[in-house]
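Participant: Structure for the following, please:
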Amino acid sequence: MTAERLSHLHTALNQAGFDALVLNPSPTLYYLTGLRFHLMERPVLAIFKPGQDPILVLPELESVKVAQVPFPVQAFVYGDDPATWAEVFNRAGAALAPAKLKIGVEPTWLRYLELEILKAALPDGEFVPAGAVIGALRLHKEASELGRMRLAVEAAQLAFNATLSLIKAGMTERQLASELTIQLLRAGSDSEFPFAPIIASGPNSANPHASPTDRPLASGDLVVIDWGASIQGYCSDLTRTIAIKHVKPELAFIHDVVAQANAAGRTCARAGKTAGEVDQAARKVIEDAGYGEYFIHRTGHGLGMEAHEEPYIFGGNPRVLAPGMTFTVEPGIYLPGLGGVRIEDNIVITHSGAESLSNLVRDLIVVG
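Facilitator: Numbering: from 1, shown residues only. Below is the predicted model:
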């Protein structure tokens, strides 16, 4: 599929008026080439220009990977002495002639290190964000991609169910996060998760992106558990909220409201609807219950090779949903000093509607 993806990229670059696209190690580079590299002090750059073989500049210790690329590339390899790097990058830049080019970059991934190297090697180049081109390229998931996402959801759900019986009052958020991490690996997740698990208990659960602390889980706590698995580079991202031993009436009520909002968002999601309409459907349930001011983030975000990508599910987004688009539906209510609730599922738009890839129980589970 990578050769076909490369052809699609060249078409998209031509249509958008770009002469070339440069990538450093990122999900997009993996998407186009099948190659994985770590972001490190030794820079790796790939340059894609319609009409010529892609250019790959990489350190010698990574050079064996060039043979894995399923199409011809121009490889420029450098050694460990940084004093020799400029000459290699300059030769790579010269292979892009003419030098005066409009070159797209991936703004959320390209570092200052690589940008300075590129400016030196291509002093007449114009470097412009190409996020829209890249987002459109990966927006509609192929069957093989959806297959990996289904496996990532399955691994995440297996890990959650295996962890559930281990949760007890007195264990800390950090201990629960470590147990969930172990279960994710046992369930088959790649070792590089989409993100570190979020475990937030009691008042901490009112912070949507809390980090696990040494706070012990206590009777009456709500615990927001937000986690995901990765299978062959594709992500899942789920959230469930549980209670420790018992639950206060208002917290039980807001959990029910969030569950209804989650259902409304999932029901609204289908081809022809906009991303904004999905957000509005979920948000209306929470607003009608009197908690609108406590729903403090968008209803969801795209999901695939990254935990956050296009399409973004916020109220003003006019993006029309189409088959193959994958995203989360994750409404929440967060009451400062008391606790919070979030329920998150992974959705794919189909020709007949939408499918939830996740099917964990959405009722409030009481444990401990």
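Participant: what's the burial count for the nearest residue to residue 69 once chain neighbours are set aside?
Facilitator: Nearest non-adjacent residue to residue 69, counting by Cβ to Cβ, 6 or more residues apart in numbering: residue 33, 5.4 Å away. The C-beta positions use only the backbone N, C-alpha and C, and glycine is treated the same way. Residues lying near residue 33 (other Cβ atoms under 10 Å) number 24.
Participant: so where's the protein shaky on pLDDT?
Facilitator: Within the chain, the set of residues satisfying pLDDT under 70 comprises 1.
Participant: quick one, domains of it?
Facilitator: If you go by automatic domain parsing, the domain ranges for the chain are 2-138, 140-367.
Participant: mind listing what residue 307 touches?
Facilitator: By Cβ atoms under 8 Å, 6 or more residues apart in numbering, residue 307 lies in contact with 194, 195, 228, 235, 237, 301.
Participant: Just confirm it is within a helix.
Facilitator: No. With DSSP: H, G, I helix; E, B strand; the rest coil as the criterion, residue 307 is coil rather than part of a helix.
Participant: element containing the closest residue to it other than its chain neighbours, please.
Facilitator: The shortest distance from residue 307 to any non-neighbouring residue, by Cβ to Cβ, 6+ apart, is to residue 194 (3.9 Å). Using DSSP states H and E, residue 194 falls within no helix or strand.
Participant: got it, and residue 163?
Facilitator: Per DSSP H and E: helix 143-164 holds residue 163.
Participant: ok, back up a step: count of residues packed around the residue nearest to residue 307?
Facilitator: By other Cβ under 10 Å, 22 other residues sit near residue 194.
Participant: my guess is it meets residue 230, correct?
Facilitator: Yes. Proximity of residue 194 to residue 230 meets the contact threshold set by Cβ atoms under 8 Å, at 5.5 Å.
Participant: Against residue 226, how distant is the residue nearest the centre of the chain?
Facilitator: The centroid of the chain falls nearest to residue 307 when counting by Cα atoms, centre = their mean (1.4 Å). Computed as Cβ to Cβ, to the nearest Å, the residue 307 to residue 226 distance reads 10 Å.
Participant: Kindly report the same for residue 283.
Facilitator: For residue 283, the distance to residue 226 (Cβ to Cβ) stands at 19 Å.
Participant: again, but for residue 140
Facilitator: Distance of residue 140 to residue 226, given as Cβ to Cβ: 26 Å.
Participant: do residue 176 as well
Facilitator: As for residue 176, its distance to residue 226 is 12 Å (criterion: Cβ to Cβ).
Participant: do residue 61 as well
Facilitator: Distance from residue 61 to residue 226, by Cβ to Cβ: 36 Å.
Participant: higher neighbour count, these two?
Facilitator: Neighbour count, other Cβ under 10 Å: between residue 61 and residue 226, residue 226 has more, with 22 against 11.
Participant: in the sheet, who's paired with the more buried one?
Facilitator: Taking DSSP bridges as the rule, residue 226 bridges to residue 198, residue 239.
Participant: Now stretch 263-282: buried residues?
Facilitator: Residues 263-266, 268-271, 273-282 are the ones in stretch 263-282 that count as buried (16 or more other Cβ atoms under 10 Å).
Participant: ok, now which ones touch residue 52?
Facilitator: When contacts are counted by Cβ under 8 Å, 6+ apart, residue 52 touches residue 74.
Participant: my read is it is in a helix, agree?
Facilitator: No. With three-state DSSP as the criterion, residue 52 is assigned coil and is not in a helix.
Participant: and the gap between residue 69 and residue 29?
Facilitator: Per Cβ to Cβ, residue 69 is found 11 Å from residue 29.
Participant: Just the CA coordinates for stretch 283-291, please, in CSV.
Facilitator: Only the C-alpha atoms of stretch 283-291 are listed here, as CSV (Å, rounded to 0.1, in the frame of the first residue of the first chain):
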residue,chain,number,x,y,z
ARG,A,283,-23.2,18.8,24.7
LYS,A,284,-26.9,19.4,24.6
VAL,A,285,-27.6,16.5,26.9
ILE,A,286,-25.1,17.9,29.5
GLU,A,287,-26.4,21.5,29.1
ASP,A,288,-30.0,20.4,29.5
ALA,A,289,-29.1,18.7,32.8
GLY,A,290,-27.7,21.9,34.1
TYR,A,291,-24.0,21.0,33.9
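Participant: quick one: that stretch to chain centroid distance?
Facilitator: Distance, stretch centre to chain centre, for stretch 283-291: 27 Å (Cα atoms, centre = their mean, to the nearest Å).
Participant: Contacts for that stretch, please.
Facilitator: With contact meaning Cβ under 8 Å, 6+ apart, stretch 283-291 is reached by 254, 257-258, 260-261, 264, 292, 294-295, 299, 315, 331, 333.
Participant: quick one, helices of the protein?
Facilitator: Applying DSSP state H to the chain gives helices spanning 2-16, 27-33, 85-94, 112-121, 131-139, 143-164, 173-186, 249-268, 275-288.
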